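>>> curious how this folds, go ahead:
(one chain, ligands or ions: 1)
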Amino acid sequence: MKIILENNLDLTKIKHWVFDLDNTLYPASSNLFNKIDVRMKKFIIKKLKIEPDEAYKIQKKYYIEYGTTLSGLMKNHNVMPKEFLDYVHKIDTSSLKVDIRLKKALKKLPGELYVYTNGSKSHAIKVMKRLEINKYINKIFDIENANYTPKPSKESLDIFIKKYNINPKEAIIFEDISKNLINAKKIGFQTVLIKNASHPDKNIQVIKEENINNKFIDHISYDLPATLGEIYLDINH
Ligand SMILES: [Mg+2]
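Numbers count the residues shown, from 1 in each chain. Prediction:
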């Protein structure tokens, strides 16, 4: 059976379903990532003993130059990753809502399900438990697994696919940041961009990137649970 959706995705051979965590498995409107963003700034203020405006500039500069703020802090200020990750992920997750459509869709996807995040494993577990999807996704690849080399680097992706012996031709990845899809698409993944209007970095470069990176995006989803539901229907027809 050949499974082709109207959106350029051919899911016939998909065995590996790879999901980014923040702003992908839950909507940006939950404002969870904004809380992490604020904690990052606070961390920099305290650690580098600088003013909030300066801290924010450094935070975004490192994010753009190194892929994550953490990576820039490690390289330029010898920040210990665990200290940073524990601090920034100390947030209230009560704004996250269980989406029954997401639970149903994940439960029915055929193959292996992964979370691939630039955050920490404990944060991923906390979020997934809150969303009640932890029993459907049992493989978590976090920033520690990637030797603190973040997406969008090829190195991070290589470590990921090697660890789980993933053939990219049999894999699909879902992400809210388009530049994180480029290397995946280059090696054969199918790619889905999750569009989130309230992404905290929308004013910096995300929107511009989406235009530049269009050829690396097979499909744009405005609602992940709906897209996954559509995939399920298609596989079972
Ligand atoms: Mg994300």
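>>> name the helices or strands packed onto the lengthiest helix in the chain?
Using DSSP state H, we find that the single longest helix of the chain is helix 32-48. Judged by 3 or more Cβ pairs under 8 Å, 6 or more residues apart in numbering; DSSP states H and E, helix 32-48 is in contact with helix 52-66, helix 69-77, helix 81-88. Where you see a C-beta, it was placed from the backbone N, CA and C, and this is true even at glycine.
>>> N138 contacts L113, correct?
Yes. Applying Cβ atoms under 8 Å as the test, N138 and L113 come out as touching, 7.2 Å apart.
>>> these two: who's more crowded?
L113 (17 against 11; other Cβ atoms under 10 Å).
>>> what sits closest to that one if chain neighbours are left out?
Nearest residue to L113, sequence neighbours excluded (Cβ to Cβ, 6 or more residues apart in numbering): I137, at 4.4 Å.
>>> give the contact list for that neighbour.
Contact analysis of I137 by Cβ atoms under 8 Å, 6 or more residues apart in numbering lists 19, 106, 113-115, 128.
>>> okay if I get the residues you listed as TSV plus secondary structure, distance to E83 and pLDDT?
Formatted as TSV, the contacts of I137 follow (DSSP: H, G, I helix; E, B strand; the rest coil; distance: Cβ to Cβ, whole Å; pLDDT from 0 to 100):
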residue	secondary structure	distance to E83	pLDDT
F19	strand	27	98
L106	helix	33	96
L113	strand	30	98
Y114	strand	27	98
V115	strand	23	98
M128	helix	23	98
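>>> so Q190 bridges to which residues?
I172 (DSSP bridges).
>>> can you give me the pLDDT of it?
As predicted, Q190 sits at a pLDDT of 96.
>>> surely it touches I172?
Yes. Counting by Cβ under 8 Å, I172 is a contact partner of Q190 at 4.4 Å.
>>> how many neighbouring residues does the closest residue to L106 other than its chain neighbours have?
The shortest distance from L106 to any non-neighbouring residue, by Cβ to Cβ, 6+ apart, is to Y136 (4.0 Å). Using other Cβ under 10 Å, Y136 has 18 other residues around it.
>>> assumed Y136 was part of a helix.
No. Going by DSSP: H, G, I helix; E, B strand; the rest coil, the assignment for Y136 is coil, not a helix.
>>> the ion versus that one, what's the distance?
Distance, Y136 to the ion, by Cβ to the ion, to the nearest Å: 19 Å.
>>> so that residue versus I44, what's the distance?
Between Y136 and I44 the distance is 35 Å, computed by Cβ to Cβ, to the nearest Å.
>>> then W17?
35 Å.
>>> and these two? Which one has more around it.
Ranked by neighbour count (other Cβ under 10 Å), W17 and I44 place I44 first, with 25 against 21.
>>> which one is the more buried one nearest to, not counting chain neighbours?
Per Cβ to Cβ, 6+ apart, closest to I44 is A55, 4.0 Å.
>>> who are the contact partners of the one you found?
A55 sits in contact with 41-42, 44-45, 48, where contact means Cβ under 8 Å, 6+ apart.
>>> having no further points to raise, I will conclude here.
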